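In: With the input below, show me the fold.
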Amino acid sequence: MRVRSTIAPRFVLALLTGLFGVAGLGPSEVRAQIQARQPIAIQFSLDRPIDAAAAPFVMAASNGLFGAEGLAVSINIASGSPDAIGRVASGSSDFALVDINELIRFRGKADAPPVKAIFVLFNRSPYAVIARKSRGIRALADLDGKTLGVAERDLSIRLWPALARQNGIKLDSVKQTKIAAAVREPMLSAGQVDAVTGFSYLSGVNVRDRGIPADDLAVLRYADYGCEAYGFAVIVNPALAVGKPVAVKGFVRAVIAGTDLAIKQPGRAIDEVVSRMEGGSRDLELERLRTLIAENIVTSEVKRNGIGAVDLARLDRSIDQVGEGFKFTKRPAAPDIFDNSFLPPLDSRLIN
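Out: Predicted coordinates for the structure are as follows:
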């Protein structure tokens, strides 16, 4: 009884305070204030099952960073970047993490909805050719006369025409053989192909995990050979961007904070990631995350310009590179692809 007699006056006081606070407001204003206190339900799509690349978002969710911004975020899994972009364009998802180069191709089609990226997580794309030195491949030029395994729906091969031209490699001098994604690394390990295309943090790490000695492995990153492409970025539904800009900015702030945590505490981040995976290997995912941080996330450009932003001139050049392997109906400009208005100030985006 003593507990109730203590709580009751406080409850009445709180109720009266609330009533006085809204006494001068009309019904619609009261409803607006009540709704403003409710978390905004957000659907967020990953373009593939959860792995180390999802660490910033997992950390934002598990540490209450989305909740602190008034967002209730649910994560769903798409079947690739085109599917994730389609979900955001249709409004079935509010945000998605996608390959920005797929967004460029999407926006280069006739009557494409004005979906834009608002935060770039991978400042450098993870595209790479993964090869074995014992097969005579130590540099990109060594691919001349070799056989390149290309997995179905591989995104790296779509920028191969631009990369080959930049490096003086004739496209017909490298034989491409189509393979299933599931046998990409096994075929390279068995010597059935000389090299494969893929993501450095996925295929590059997988091959090492299959027992290929590190000194026999050549990971030829596109970014080291003149590819200007950015990598994975967060895109937003256009209607949400216009109708709820505060929520969009809150989502970006939470992702930045989650990324910072993943960089500073990779082991803890991977514990959270693996707990959400089916049969995930902690050691393998930790290696992936460390590879991502070092090669794709914390770059010299990010150290100068802060995380999440783009250099519009570089983005424009990357659009031209995408165009070498894709026919635009209407070439998009850099501002069609990226909107920086939802990013917080630079001092909030600097990553040590």
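
In: Quickly list what the residue most central in space within the chain is bridged to.
Out: Centroid-nearest residue in the chain, with CA atoms, centre = their mean: residue 232, separated by 3.4 Å. Note on residue 232: beta-bridge partners residue 99, judged by DSSP bridges.

In: separation between it and residue 145?
Out: Going from residue 232 to residue 145 by CB to CB, to the nearest Å gives 33 Å. No exception for glycine: its C-beta is placed from N, CA and C like everyone else's.

In: re the thing from before, please tell me I have it right and the residue nearest to the centre of the chain contacts residue 101.
Out: No. Residue 232 is beyond contact range of residue 101, at 9.7 Å (criterion: CB atoms under 8 Å).

In: Check which helix or strand the residue lying closest to residue 333 once chain neighbours are set aside maps to.
Out: Using CB to CB, 6 or more residues apart in numbering and skipping residues adjacent in sequence, the residue nearest residue 333 is residue 316, 6.9 Å away. Assigned by DSSP states H and E, residue 316 falls within helix 312-323.

In: Now do the contacts for residue 308.
Out: 119, 120, 121, 252, 256, 343, 349 (CB atoms under 8 Å, 6 or more residues apart in numbering).

In: Who is the closest residue in space to it that isn't next to it in sequence paired with across the strands?
Out: Nearest non-adjacent residue to residue 308, counting by CB to CB, 6+ apart: residue 119, 4.4 Å away. Listed beta-bridge partners, residue 119: residue 234 (assigned using DSSP bridges).

In: Please name the residues that touch residue 119.
Out: So residue 119 contacts 233, 234, 252, 255, 256, 308, 342, 343 (CB under 8 Å, 6+ apart).

In: Apply 10 Å and report the result again.
Out: Residues in contact with residue 119 (CB atoms under 10 Å, 6 or more residues apart in numbering) are 56, 95, 97, 232-236, 248, 251-253, 255-256, 259, 307-310, 338-340, 342-343, 349.

In: Could I get the pLDDT score of it?
Out: pLDDT for residue 119: 98.

In: what's the spacing between it and residue 342?
Out: Residue 119 sits 7 Å away from residue 342, going by CB to CB.

In: do the same with residue 188
Out: Residue 188 is 40 Å from residue 342, by CB to CB.

In: So which of those two has more stuff around it?
Out: With neighbours defined as other CB atoms under 10 Å, residue 188 and residue 342 compare such that residue 188 has more, 26 against 21.

In: quick one: buried residues of stretch 241-257?
Out: 241, 244, 247-257 (16 or more other CB atoms under 10 Å).

In: In CSV, list those residues along with pLDDT.
Out: Putting these into CSV (pLDDT from 0 to 100) gives the following:
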residue, pLDDT
241, 98
244, 98
247, 98
248, 98
249, 98
250, 98
251, 98
252, 98
253, 98
254, 98
255, 98
256, 98
257, 97
